[in-house]
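Q: predicted model and sequence below, questions to follow.
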Amino acid sequence: MSKAAEKIRVLLELVKFEHSIFALPYAYLGALYAASPGWPSLSDLIWITVAMVGARSFAFVVNRAADKEIDARNPRTAGRAIPAGLIKAWELWLFAVVVLAAFLLSVWQLHPITRWLWPVVLAAFLIYPYTKRFTPLCHYWLGICLGLAPIGAWVAVSGRISDAAPWVLGAAVALWTAGFDIIYATQDVECDIRDGVHSMPADLGIAPALVQTRVTHVLTIGLLVVGGVLVSAGWPWYAGVCVAAGLLWYENSIVTSEDLSRVNAAFFTVNGIIAVIVFVGALVDRCLA
């Protein structure tokens with residue numbers, strides 16, 4: 001039992017299970033506004049959660065497997081489960097099959113339209129690990145992957161794919177994600193250049209890349225405001241967006257090309273708080289509607 005528990009711990013660490021906090025709140029707010037003026041069912045929320053965690057975990061397995069040689073050459077990532085040999089190949093792919101099955105099962109519990117659209121989500125996730133091999137726009141592809149959260153949840157609850165609101169909210173999440181992923185990539189510039197891995201910091205330089213992050217985060221706030229207008233949100237939504245704007249300003253202020261010592265604080269702590277704050281704003285808004 002102790003060995004099994006340790007393997008589970010390693011697998012959860014491999015897929016960074018705790019990072020689900022970045023995308024799940026946006027899925028939930030998509031579900032909240034899609035069901036307006038009513039509420040999404042508990043069943044829908046549970047299956048959306050399973051779908052999000054399952055798809056994300058499967059994508060992480062593929063990403064880690066594809067990058068195992070790159071990770072092994074990078075001192076920051078050499079200790080990860082695959083390059084460090086902490087997990088066997090059959091254990092990794094068995095886990096992948098389990099989480100993929102969970103994703104597919106959840107799709108069949110949601111609105112019937114999702115049974116036709118799930119390959120689009122999976123394709124986006126599977127393509128991402130390879131984008132860094134040929135373009136610094138990889139950050140934006142990752143953004144698209146996370147930006148599918150409010151869109152997918154909206155469609156899963158309402159069955160409507162043509163509404164403008166989820167696409168605007170999805171674009172906001174995509175740009176927010178691309179911006180913080182650029183910050184994260186500043187840690188690996190030397191290794192990326194050596195290995196021919198593309199990123200905005202490696203291809204353009206750290207200072208220009210961080211300017212790009214600031215632009216994407218300004219656009220993020222603008223799109224969140226527009227999204228609020230499209231869903232007829234009240235003051236709690238905009239209050240949450242204002243707090244998120246302040247946190248994004250803080251995030252961008254603590255990471256500079258001269259001082260990268262607080263990248264992890266910017267990436268992990270601040271962005272997790274931002275996602276929760278935006279969701280809380282949506283939840284309070286719907287409660288008071």
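A: Everything's here; your move.
Q: pLDDT averaged over the host helix or strand of residue 6 - what is it?
A: Here residue 6, judged by DSSP states H and E, is contained in helix 2-14. Mean pLDDT, computed over helix 2-14, is 70.
Q: OK, contacts around the residue nearest to residue 33 when sequence neighbours are not counted?
A: On the basis of C-beta to C-beta, 6 or more residues apart in numbering, the spatially nearest residue to residue 33 that is not a chain neighbour turns out to be residue 231, at 4.4 Å. From N, CA and C alone the C-beta is placed, and that goes for glycine too. By C-beta atoms under 8 Å, 6 or more residues apart in numbering, the contact list for residue 231 reads 33, 36, 165, 237.
Q: okay, and the most centrally placed residue in the chain sits in which element?
A: In the chain, the residue lying closest to the centroid (C-alpha atoms, centre = their mean) is residue 146, at 3.8 Å. Residue 146 is part of helix 138-158 when elements are defined by DSSP H and E.
Q: next secondary structure after that helix?
A: helix 164-185.
Q: now that following helix: mean pLDDT?
A: pLDDT averaged over helix 164-185 gives 97.
Q: give me the buried positions along that helix.
A: Across helix 164-185, burial judged by 16 or more other C-beta atoms under 10 Å covers 165-185.
Q: now do stretch 255-267
A: Judged by neighbour count (16+ other C-beta under 10 Å), stretch 255-267 contains these buried residues: 255, 260, 262-263, 266-267.
Q: and the closest residue to residue 233 other than its chain neighbours, how many residues sit next to it?
A: Excluding the flanking residues, the one nearest residue 233 by C-beta to C-beta, 6+ apart is residue 285, at 5.2 Å. Counted with other C-beta atoms under 10 Å, residues neighbouring residue 285 total 24.
Q: same thing with residue 195?
A: When neighbours are counted by other C-beta under 10 Å, residue 195 registers 15.
Q: which non-adjacent residue is nearest it?
A: Leaving out its chain neighbours, the residue that sits closest to residue 195 by C-beta to C-beta, 6+ apart is residue 70, at 5.7 Å.
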